[in-house]
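J.: let me see the structure of the following:
(2 chains)
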Amino acid sequence: MTNLTRTQQFAASAIEKLTNLGLGVGLRSQHYPYIMSHLEHGTSLGVDWFEIISENYIDNHGYGRYVLDKLKEQYPLVMHGVSMNIGSSDPINFEYLGKLKELGEFVKPQLISDHLCWTGLAGLNSHDLLPMPLNDESLQHVINRVDQVQDFLERPLVLENPSTYLEFQHSTLTESAFFCELVKATGCGMLLDVNNVFVSSFNHGFDAEQFIRQLPHEHIVQIHLAGPSDCKDCLIDTHDQPVPAKVWQLYQLAQRLTGGKSTLLEWDANIPSFPELVEELNKAKLVLAGYIPEQETVTNTSALSTPIVNERLDAAHHIMPKRVELEQ
Amino acid sequence: MKTPDLTQTQQWLNTVLMVRGDLPQKLNTAAAQGLTLDKCVKSSDTLDAMRRVDIYAAGYVMRLVECLRGEFALLCQFMGEEVFDTFAKAFIVTLPSESWTMHQLGSRFADFLAHTKPTGDFNAHQQAMFSLPAELAKFERAKALALLKPGPEQKQRTSSVSEIELLCGIAEDFIIAVPESVLLVQTDYPLLPLVAQLEQAKPCIIPTPEQTHIVISRQQYRLKVNTLNDWQIDLLLHLKEKPRCYRDAVIYCANRMHLEAQALQSQLAVWLPSAVNIGLFTLQKT
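T.: This next block holds a predicted model:
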């Protein structure tokens, strides 16, 4: 047995052992004051766990890192990245991976995830989650790279299905078939974003429920929820709206098929107050009890695809005034 | 046509996103590599290939412009959103991001503005209007870095020191250091009054040229901004290289600035306690 195979087996076994963390939200700097005040007073925030955007905390020695340090003492954390560039034909960026691993040693997350996509080429970065051609060549390419990443991180990698707006002519595999082959070959996990399934299914005209039924359920370790925007001719993944009824239906199906997995609500633009966010998240409990909230997809014809979750350093917390202090 | 491989496909989309021009121009440039839109991207009755690619191409620029607006909020206010966006878009197309982190996105913006500044025989007001954007960008970039770099908060054993203790020589053997969160900005204009006007949304009074050294520091995660005199800058730069013994640092600085060591020590006794309080220095007992 080669080391690589051991890594793959280790990854698959580690994925199986991940527990359901319950209901969580993404950590956003706009909520630092509320969160810190609750942490200091030891009062509940009303969520079970938090997901952080890894890149916002790598090389960040400011207040965000301080918040993270306090938060990890009281809540389970998960690291979710946007820059691994796992599908790119560029070489793997081991400098980035080193920093990711270092952050992982500090955060001690339950898992580390990123997206099945590419973000840049030839050393340039689009800071977008770009779609992959899905065929045998790209599958083998991603398998090789996931193996290398898992070897390096010494832990399983979890990959999310992104929202996509185009499909390549030379794609020969469905995204669900791609994921099935990928997890089988590498032992990696899957983060199922049901909002992304909703968006992509609308944009490409496939059946969202059938897609979810075809996924490797035993490898799904987390589920993402979010609200997209309806641009009339397409859906855009904006993370700036309440979760629509159709996404809740997909969530209900996914939870049933997977046996219950950690749930995360993403909200990255027009961010509501923390209590409002928790209120939206708690609708998941109603959904699991059989009730689907009535919520239409919100129309916004000028929407931009997934906003970059960039930590707002200037408004990061309550002790940081908007204005700098001029001392003279 | 042969089926494009992964690299060719990604090169094609990368070109469509990043080259200059409107979408048809971008697609023409990408087609020179041998791939066309129809050969690459599927169309449907409701969404044609052009619109599909445009979602990515338009989103790429506008999302990064939005990030730059966040980092350079004062500059955006000074220039006005429309002018700011024009420069931001040109910056993104001219110097695409080479880093996986958004923290690096604005690192070359001040230089870009300085290099694209019109040159010619302008009056003082025009000259200031062309120069100030790069100066403000430099200042705001330094602020962003000061918030990210390791600061004095992590130093567990930072000692406070009083004027009397310094005058009595108690700190002679202390190790004095400058945290990485301290940023020096050299500007050709006295920026701070303009910064205050912008922050308070007051009408801007365009400053006249004057070399200024601004120092940005952080204490308990709050930014502090000051201007420094020559010996203060010299001491700060000397200690930014590496931490040193207080006594040695004073002697070195006095020699370089042609000051009496005792005179400098007296001035430091007055200044250093407040400088430590605003995160410019850390002091540690040996």
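J.: off-centre distance for the lengthiest helix in chain B?
T.: For chain B, the helix with the greatest residue count under DSSP state H is helix B:124-148. Relative to its parent chain, helix B:124-148 has a centroid offset of 8 Å by C-alpha atoms, centre = their mean, to the nearest Å.
J.: do a quick rundown of the helices in the stretch 1-150 of chain A.
T.: A:3-17, A:32-41, A:54-57, A:63-74, A:94-107, A:136-153 (DSSP state H, counting those that start in this stretch).
J.: for the second one, packing partners?
T.: Meaning helix A:32-41. Identification of packing neighbours for helix A:32-41 by 3 or more C-beta pairs under 8 Å, 6 or more residues apart in numbering or on different chains; DSSP states H and E yields helix A:63-74. Backbone N, C-alpha and C define where each C-beta goes, glycine included.
J.: how about 10 Å then?
T.: On a contact count with 3 or more C-beta pairs under 10 Å, 6 or more residues apart in numbering or on different chains; DSSP states H and E, helix A:32-41 meets helix A:63-74, helix A:274-288.
J.: and if you look at the third one?
T.: Identification of packing neighbours for helix A:54-57 by 3+ C-beta pairs under 10 Å, 6+ apart yields helix A:63-74, strand A:77-80, helix A:94-107, strand A:112-115.
J.: shaky segments in the stretch 151-300 of chain A?
T.: For the stretch 151-300 of chain A, applying pLDDT under 70 flags no range at all.
J.: and it, which residues reach chain B?
T.: With C-beta under 10 Å from any C-beta of the partner chain as the criterion, the stretch 151-300 of chain A comes near chain B at residues A:164-172, A:202-205, A:231-234, A:236, A:269.
J.: buried subset of those residues?
T.: A:164-171, A:202-204, A:231, A:234, A:236, A:269 (16 or more other C-beta atoms under 10 Å in any protein chain shown).
J.: now the helices: where do they sit in the stretch 201-328 of chain A?
T.: Counting by DSSP H, counting those that start in this stretch, the helices of the stretch 201-328 of chain A are A:208-213, A:245-258, A:274-288.
J.: could you identify which of those helices is most buried?
T.: Mean neighbour count, computed with mean count of other C-beta atoms under 10 Å in any protein chain shown, is highest for helix A:245-258 among these, reaching a mean of 20.
J.: how far off helix A:274-288 does it point, in degrees?
T.: Relative orientation of helix A:245-258 versus helix A:274-288 (axes from the mean of the first three to the mean of the last three C-alpha atoms, to 10 degrees): 60 degrees.
J.: packing partners for helix A:245-258?
T.: strand A:189-193, helix A:194-204, helix A:208-213, strand A:220-225, strand A:262-265, helix A:274-288.
J.: ok so, going back, which among the helices and strands packed on helix A:54-57 is found nearest to residue A:153?
T.: Of all the helices and strands packed on helix A:54-57, helix A:94-107 sits nearest to residue A:153, with 5.5 Å by C-beta to C-beta.
J.: how far off centre is whichever strand or helix holds residue B:89?
T.: Using DSSP states H and E, residue B:89 sits within helix B:81-94. Averaging C-alpha positions (C-alpha atoms, centre = their mean) puts helix B:81-94 17 Å from its chain's average.
J.: which residues belonging to that helix are considered buried?
T.: Buried, per 16+ other C-beta under 10 Å, within helix B:81-94: B:84, B:85, B:87, B:88, B:89, B:91, B:92.
J.: now the second one. Nearest residue, chain neighbours left out?
T.: Read it as residue B:85. Leaving aside its sequence neighbours, residue B:85 sits nearest to residue B:65 (C-beta to C-beta, 6 or more residues apart in numbering or on different chains; 5.6 Å).
J.: the one you found and residue B:91 touch, don't they?
T.: Yes: using C-beta atoms under 10 Å, residue B:65 is in contact with residue B:91, at 9.0 Å.
J.: quick revisit: next helix or strand past the helix holding residue B:89?
T.: helix B:109-115.
J.: which parts of that next one are buried?
T.: Buried residues in helix B:109-115, counted by 16+ other C-beta under 10 Å: B:109, B:110, B:112, B:113.
J.: ok, the spatially most central residue of chain B - contacts?
T.: Nearest to the geometric centre of chain B sits residue B:141, at 1.6 Å (C-alpha atoms, centre = their mean). The neighbours of residue B:141, taking C-beta atoms under 10 Å, 6 or more residues apart in numbering or on different chains as the test, are B:71, B:72, B:75, B:106, B:107, B:108, B:109, B:110, B:111, B:183, B:185.
J.: relative to chain A, which of those residues is nearest.
T.: Set against chain A, the nearest of the contacts of residue B:141 by C-beta to the nearest C-beta is residue B:71 (7.9 Å).
J.: neighbours around residue B:44, how many?
T.: Applying other C-beta atoms under 10 Å in any protein chain shown, we find 15 residues neighbouring residue B:44.
J.: pretty sure it is touching residue B:52, no?
T.: Yes: with contact defined as C-beta under 10 Å, residue B:44 counts as touching residue B:52 (8.7 Å).
J.: shared neighbours of those two, anything?
T.: Residues touching both residue B:44 and residue B:52 (C-beta under 10 Å, 6+ apart) are A:167, A:203, A:204, A:233, A:234.
J.: ok, the fourth one to residue A:302 distance?
T.: Looking back up the chat, that one is residue A:233. Residue A:233 sits 13 Å away from residue A:302, going by C-beta to C-beta, to the nearest Å.
J.: for the last one, same thing?
T.: Distance, residue A:234 to residue A:302, using C-beta to C-beta: 13 Å.
J.: hang on, the earlier thing: what do residue B:65 and residue B:91 both touch?
T.: Here residue B:65 and residue B:91 have no joint contacts, going by C-beta under 10 Å, 6+ apart.
J.: shaky segments in chain B?
T.: B:1, B:155-159.
J.: picking that back up, now restrict the contacts of residue B:141 to buried residues only.
T.: By 16+ other C-beta under 10 Å, the contacts of residue B:141 give B:71, B:72, B:75, B:106, B:107, B:108, B:109, B:110, B:183, B:185 as buried.
J.: now the residues you listed in a markdown table, with distance to residue A:227?
T.: Shown next, in a markdown table, are these (distance: C-beta to C-beta, whole Å):
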| residue | distance to residue A:227 |
| --- | --- |
| B:71 | 27 |
| B:72 | 29 |
| B:75 | 32 |
| B:106 | 29 |
| B:107 | 33 |
| B:108 | 35 |
| B:109 | 32 |
| B:110 | 37 |
| B:183 | 39 |
| B:185 | 41 |
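J.: among these, which are in reach of chain A?
T.: Restricting the buried ones among the contacts of residue B:141 to those near chain A by C-beta under 10 Å from any C-beta leaves residue B:71.
J.: will you turn the contacts of residue B:141 into TSV that also has distance to residue B:204?
T.: Formatted as TSV, the contacts of residue B:141 follow (distance: C-beta to C-beta, whole Å):
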residue	distance to residue B:204
B:71	20
B:72	16
B:75	12
B:106	22
B:107	26
B:108	25
B:109	20
B:110	19
B:111	23
B:183	23
B:185	19
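J.: from memory residue B:49 sits against residue B:13, does it?
T.: No: using C-beta under 10 Å, residue B:49 is not in contact with residue B:13; the gap is 11.9 Å.
J.: now the helices of the stretch 201-328 of chain A as TSV including distance to residue B:28?
T.: TSV is the format used below for the helices of the stretch 201-328 of chain A (distance: least, C-beta to C-beta, whole Å):
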stretch	distance to residue B:28
helix A:208-213	35
helix A:245-258	38
helix A:274-288	45
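J.: looking at these, which is nearest to residue A:87?
T.: Using C-beta to C-beta, the nearest of those to residue A:87 is helix A:208-213, at 19.1 Å.
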